[in-house]
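S.K.: sequence unknown, structure follows:
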Ligand SMILES: O=P(O)(O)OC[C@@]1(O)O[C@H](CO)[C@@H](O)[C@@H]1O
């Protein structure tokens, strides 16, 4: 990392801090919501109850030797963390471990009736089917008369602000949805992004998705637009291989979103048809790499994933968690150069994110001072502010 000394890794060990609250309050609330959302039988309920206690008071207990992903988690540090409190290992690691344990409790990986059943699906579908989604899709008709570049910018901002649609976040941030977004971005490199996406020549866009539903729909609309207008020739959409961080998008969620679009009238329906065609003829490819659910920063990504990103004209990483994994989940001073902390990422990279955790880099010192003076620390975690940062 050029000239930038590494900052300390975030650990959720201090009561009263944001990361501590995620482990101590958000995770048990998620377990409760999962138990309420699906009529699991007594065995699964017992496992969920046990997890609710374990995730706040327990220690890391390695997966059984015959777990399908035992070796993967061993390589990701499971044995090194064994016996330690969830609060004493890196926060990023603990959170990921929580979702792995939640899927264990619901039987997601076990042969049997609950195998492959997404515990978050009821919440994801409720959001996709909500009347607000109809309104957002109908609003696309009004964009049709705009010049192409203005439409592209509107869709980029739709994708950016779609990141507020994060079910895990809304569960614990009281009134998160109602709090007005602050349209002025804390950092805005969008001109740099458009110069990568100007179609000369049209290359490949990698988009690393975050949440399903009302974030994934605008992500797909953006992809459809870029393909239809020759700004890119191909797109690769990276989703999660299994449910994660409550609303993170999987292949099933992509199919639900495309179905929702194709069933809509007007411009939304046409985008849906375009996406179906692109999936079918291979211009839009899906990826679901295991490392997408890894408890580690992108600096540690395996070679095959690195090769995907290296071949792209630009990789767009959506959301807060991807941002933490991109720059490293560390206590960076906010003015740390974004280019330095992303130097290890292969090829040009863009982060589109609303701010929902304290990790932030690349800020102008004046911006940080003004935000702190106006809001204290709230701007960092409230989901009301957003950024577009690009390293070419
Ligand atoms: O990645 P996303 O969906 O934008 O946000 C994920 C998130 O809700 O989870 C983490 C805390 O659990 C934070 O990084 C962030 O607030």
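M.R.: Happy to help now that I have it. Just so it is clear, the structure is predicted and the values come from calculations on it, not from any experiment.
S.K.: show me what residue of the stretch 1-150 of the chain gets nearest to the ligand.
M.R.: Taking CB to the nearest ligand atom, the ligand has its nearest neighbour within the stretch 1-150 of the chain at residue 22, 4.4 Å off. For glycine as for every other residue, the C-beta is placed from the backbone atoms N, C-alpha and C.
S.K.: number of residues surrounding that residue?
M.R.: The burial count assigned to residue 22 is 21, neighbours taken as other CB atoms under 10 Å.
S.K.: and what of residue 340?
M.R.: 16.
S.K.: just to be sure, it is in a strand?
M.R.: No - assigned with DSSP: H, G, I helix; E, B strand; the rest coil, residue 340 falls outside any strand and is helix.
S.K.: let me know whether it touches residue 5 as I believe.
M.R.: No - using CB atoms under 8 Å, residue 340 is not in contact with residue 5, being 10.1 Å away.
S.K.: could you list the low-pLDDT ranges of the stretch 1-150 of the chain?
M.R.: Along the stretch 1-150 of the chain, segments meeting pLDDT under 70 span 1-2.
S.K.: any chance you could map the strands in this structure?
M.R.: 187-188, 203-208, 232-238, 284-287, 314-318, 349-354, 386-391 (DSSP state E).
S.K.: residue 42 is nearest to which of the ones you listed?
M.R.: strand 284-287 (36.6 Å; CB to CB).
S.K.: name the residue most distant from the centre of the protein?
M.R.: Farthest-out residue of the chain from its mean C-alpha position, per CA atoms, centre = their mean: residue 42, at 32.1 Å.
S.K.: and the gap between that one and residue 48?
M.R.: 11 Å (CB to CB, to the nearest Å).
S.K.: got the residues of the stretch 1-150 of the chain near the ligand?
M.R.: With CB under 6 Å from any ligand atom as the criterion, the stretch 1-150 of the chain meets the ligand at residues 22, 95.
S.K.: residues contacting residue 218?
M.R.: Residue 218 sits next to 136, 155, 158, 159, 161, 162 when contact means CB atoms under 8 Å, 6 or more residues apart in numbering.
S.K.: which ones are touching the fourth one?
M.R.: It stands for residue 159. Residue 159 neighbours (CB under 8 Å, 6+ apart): 215, 218, 219, 221, 222, 318, 352.
S.K.: same deal with the third one?
M.R.: Residue 158 makes contacts with 136, 218, 221, 222, as judged by CB under 8 Å, 6+ apart.
S.K.: the first one is in contact with residue 214, isn't it?
M.R.: Looking back up the chat, that one is residue 136. Yes - with contact defined as CB under 8 Å, residue 136 counts as touching residue 214 (7.1 Å).
S.K.: of the two, who's got more company?
M.R.: Each of residue 136 and residue 214 has its neighbours counted (other CB under 10 Å); residue 214 has more, 24 against 18.
S.K.: does the more buried one touch residue 128 like I think?
M.R.: Yes - at 7.5 Å, residue 214 counts as touching residue 128 under the criterion of CB under 8 Å.
S.K.: let me see the contact set for the closest residue to residue 392 other than its chain neighbours.
M.R.: With sequence-adjacent residues excluded and distances taken as CB to CB, 6 or more residues apart in numbering, residue 392 is closest to residue 348, at 4.8 Å. Each residue near residue 348 by CB under 8 Å, 6+ apart is listed here: 196, 312, 313, 314, 315, 390, 391, 392.
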